[in-house]
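A.B. asks: My questions are about this predicted structure, shown below with the sequence.
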Number of protein chains: 2
Amino acid sequence: MRNKELVVDEVADPRPAPGQVLVRTCACGICGSDLHALQHADQWVEMSSEASDLGDAGMPTPNVMDPSQDVVMGHEFSAEVIEVGDNTGNVSVGDLVVSMPVVFGPEGLSPVGYSNDYPGGYAEQMLLSDMLCLKVPNGLDAQTAALTEPAAVGVHAVNKSGITKGAAAVVLGCGPVGLAVIADLVRKGIEPIVAADFSPTRRALAQQLGAHAVVDPSDELAIDAWRRVDGTSRLVIFEAVGVPGMIDQAIRMAPRGTRILVVGVCMQPDTIRPMHAVVRELSIQFVLAYDPMEFADTLRAIAEGELNVAPMITGTVDLDGVPGAFQTLADPDAHAKILVLPT
Amino acid sequence: MRNKELVVDEVADPRPAPGQVLVRTCACGICGSDLHALQHADQWVEMSSEASDLGDAGMPTPNVMDPSQDVVMGHEFSAEVIEVGDNTGNVSVGDLVVSMPVVFGPEGLSPVGYSNDYPGGYAEQMLLSDMLCLKVPNGLDAQTAALTEPAAVGVHAVNKSGITKGAAAVVLGCGPVGLAVIADLVRKGIEPIVAADFSPTRRALAQQLGAHAVVDPSDELAIDAWRRVDGTSRLVIFEAVGVPGMIDQAIRMAPRGTRILVVGVCMQPDTIRPMHAVVRELSIQFVLAYDPMEFADTLRAIAEGELNVAPMITGTVDLDGVPGAFQTLADPDAHAKILVLPT
């Protein structure tokens, strides 16, 4: 990302500091956040800075990128260790690894993929923190392993929802976030899962991942589909669209006592009608990312075949194909997750 | 309430149907909802109708008033039973009672205080359901007993918050709702309780009820006061103001993982910035009213001296004083709770 555009260029070879390892990127998913960061870099920076300012006292907060300088994005990656720095030992040369997209360095904590100092997974090579690397187990292939990060977002949202067997789920939006939520709901035995998306491609993926009812909201509202197939279970609604108006839509449809999980990231101010939430005593839980244990659990669950996310991959491109892939992803009907294969 | 104005007039004597008792109103608090219903009757009816439409299948939903017909408001009452209908036996003539403000009749369930059929507590006499009446125990006086209803709102909000000892509370707004929340937080041993209100009268009441720090938001933000006196406990924020912008203010100030209880009733559409809630994984619980067990527990707790709400009473008026009291309450600095003494 250079001057708010994507360019493919050579950058300096990264060199591992103590505690870091140099890796060759095997695969890296393109995330909707990357599209957003490219289009609204200043807003992104403002929000990240604010998030850092508001962090907990004593918690490390990542450095925030300067979008006027080069940024190599990409934070959903798998990689092969090709060199280890001093004071390492968790992983070794040749290991296939994934990592939460943050790296410790002399300058503090930096996000991998939104940093001017550390290239992300749309580079051939990256620096990772040895202690944050997880070896990919069970012979899992590098492309599926690269889904650990987006899948962990779904795992975390489902964990935070507190949903248990016997409850039902409505998932609004079947982009990568919604699909990751569905995959984890399936793993946890939730039934029925009712999913809604305008895109036939995404609805087909939701069904393939195990959603029990899948609707086009222009034909039938998700809540009506839930009433048709269930209508009595305790309900959790996952809002995974992230555009203005969706939280209010979720509020409007939610039965009394429903818990709404806001997983979609709406950057703009948004309008809700609080009385609609008051009269039915709704709760809204906003979620972000995942914690390290959830990230590790997600990798393990994918590798052991418990968490079926591989169908999310709908295409691959090489480095030269990245700018075109960003344009392709602007049309939600064409793809779910495109992986960049830099090497 | 006649043609959107308050008038004092004679209405027909109510007669108890089977299962009902006739009571003489001893005291009835004026609620902010009554002020709102008077000013925005149509909006009120629309919202109540919607709440009824969206109710749970199989749950009784109260009849909705027609504001073009007479309504005798008042739903925070204590009363003396003066006559019992057929098929009664829970309470007897002479008993001092309180009741949740709903009554069963041949026409279904009606709200007491927002009905064209049943006069509320700004009348000399009311009809109540025998089986919903609770005898006031322990010699509790009628005026304090009339605080059961507003106090139960606070008890319910605190219950729904899940707050436990070791956590801290910030209460935004020290009107009757915020004061009821504070009283129940004190009862449950929460410390510190930080309360904020622009009104010196209300701040003094908050302090009298046991808030540990009380601030004028034009001098110091509630969250800064919390940081000053605590700053490390898990935090629950109670939004008890209920005007547009307050939910976003609560979001803006909340530390990571905070639970926000929306107890104030904002009737208008409201704007929030979801990203601020996302980056700190906030949750927002909307609450309304109380359940029957909470109502009974509130009466017991007041009568046994566990729940100190009596200081909320800042004035009394007779029936002729009701219209004037509504005007007085428009100025938040003059009063917290005014009781109507109809007889």
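C.D. replies: Structure's in. What do you need?

A.B. asks: What's the local residue count around residue A:177?
C.D. replies: Other residues within reach of residue A:177, judged by other C-beta atoms under 10 Å in any protein chain shown, total 25. The C-beta positions use only the backbone N, C-alpha and C, and glycine is treated the same way.

A.B. asks: Next up, phi/psi of the spatially closest residue to it that is not a sequence neighbour, please.
C.D. replies: Distance criterion C-beta to C-beta, 6 or more residues apart in numbering or on different chains; nearest residue to residue A:177, sequence neighbours excluded, is residue A:240 at 4.5 Å. The phi/psi pair for residue A:240 (degrees, to the nearest 10) reads phi -120, psi 30.

A.B. asks: separation between residue A:240 and residue A:30?
C.D. replies: The spacing between residue A:240 and residue A:30, counted by C-beta to C-beta, to the nearest Å, is 17 Å.

A.B. asks: Which parts of chain A are helices?
C.D. replies: Taking DSSP state H to define them, one finds helices in chain A at A:32-39, A:41-53, A:142-145, A:148-161, A:176-187, A:200-209, A:222-229, A:246-253, A:274-279, A:292-303, A:322-329.

A.B. asks: any idea how far residue A:9 lies from residue A:320?
C.D. replies: From residue A:9 over to residue A:320 the distance is 11 Å, taken as C-beta to C-beta.

A.B. asks: Can you verify my assumption that the residue nearest to residue A:177 contacts residue A:184?
C.D. replies: No. Counting by C-beta atoms under 8 Å, residue A:240 does not reach residue A:184; the two are 12.0 Å apart.

A.B. asks: Spell out which parts of chain A neighbour chain B.
C.D. replies: Proximity of chain A to chain B, by C-beta under 8 Å from any C-beta of the partner chain, involves residues A:47, A:50-51, A:54-57, A:160, A:231-232, A:247, A:255-256, A:262, A:265-267, A:269-288.

A.B. asks: List buried residues within those.
C.D. replies: Buried members of these, scored by 16 or more other C-beta atoms under 10 Å in any protein chain shown, are A:47, A:50-51, A:54-55, A:160, A:247, A:255, A:262, A:265-267, A:270, A:272-288.

A.B. asks: ok, residue A:260 - contacts?
C.D. replies: Shown in contact with residue A:260 (C-beta atoms under 8 Å, 6 or more residues apart in numbering or on different chains): A:236-237, A:239, A:247, A:250-251, A:254, A:282-285.

A.B. asks: What of residue A:324?
C.D. replies: residue A:317.

A.B. asks: same thing with residue A:266?
C.D. replies: Neighbour list for residue A:266: A:242-244, A:246-247, B:274-275 [criterion: C-beta under 8 Å, 6+ apart].

A.B. asks: of all those, which comes closest to residue A:224?
C.D. replies: residue A:246 (17.0 Å; C-beta to C-beta).

A.B. asks: Kindly provide the distance from the closest one to residue B:274.
C.D. replies: In this view, residue A:246 and residue B:274 are 9 Å apart by C-beta to C-beta.

A.B. asks: Wait, residue A:253 touches residue A:221, no?
C.D. replies: Yes. With contact defined as C-beta under 8 Å, residue A:253 reaches residue A:221; the gap is 6.5 Å.

A.B. asks: Of all pairs in the contacts of residue A:260, which one spans the longest distance?
C.D. replies: Top of the distance list for the contacts of residue A:260 (C-beta to C-beta): A:236 and A:247, 14.6 Å.

A.B. asks: just to revisit the earlier point, narrow the contacts of residue A:260 to those in strands?
C.D. replies: Among those, the residues falling in strands (DSSP state E) are A:236-237, A:239, A:283-285.

A.B. asks: Give me the common contacts of residue A:246 and residue B:274.
C.D. replies: By C-beta under 8 Å, 6+ apart, the residues touching both residue A:246 and residue B:274 are A:266, A:270.

A.B. asks: which of residue A:240 and residue A:30 has more neighbours?
C.D. replies: For residue A:240 versus residue A:30, neighbours defined as other C-beta under 10 Å are more numerous around residue A:240 (29 against 25).

A.B. asks: Surely residue A:310 is in contact with residue A:144?
C.D. replies: Yes. Under the criterion of C-beta under 8 Å, residue A:310 is in contact with residue A:144, at a separation of 4.9 Å.

A.B. asks: between those two, what contacts are shared?
C.D. replies: By C-beta under 8 Å, 6+ apart, no residue touches both residue A:310 and residue A:144.

A.B. asks: What lies in contact with the helix or strand of chain A with the lowest mean pLDDT?
C.D. replies: In chain A, the helix or strand scored least confidently by mean pLDDT, DSSP states H and E is helix A:41-53, which has a mean of 75. With contacts defined as C-beta under 8 Å, 6+ apart, helix A:41-53 is touched by A:1, A:4, A:36-37, A:61-62, A:64-67, A:114, A:267, B:275-276, B:279-280.

A.B. asks: what comes up buried for it?
C.D. replies: A:41, A:44-45, A:47-48, A:50-51.

A.B. asks: what do you get for stretch A:6-14?
C.D. replies: By 16+ other C-beta under 10 Å, the buried positions in stretch A:6-14 come out as A:6, A:14.

A.B. asks: Between the two ends of it, what distance do you get?
C.D. replies: Stretch A:6-14 has an end-to-end distance of 20 Å (criterion: C-alpha to C-alpha, to the nearest Å).

A.B. asks: do stretch A:209-219 as well
C.D. replies: In stretch A:209-219, first residue to last residue: 22 Å (C-alpha to C-alpha).

A.B. asks: Please apply the same query to stretch A:180-195.
C.D. replies: Stretch A:180-195 has an end-to-end distance of 12 Å (C-alpha to C-alpha).

A.B. asks: Over that stretch, what's the mean pLDDT, rounded is fine.
C.D. replies: Averaging pLDDT along stretch A:180-195 yields 98.

A.B. asks: out of the helices of chain A, nearest to residue B:297?
C.D. replies: Closest approach to residue B:297 among these is made by helix A:274-279 (21.9 Å; C-beta to C-beta).
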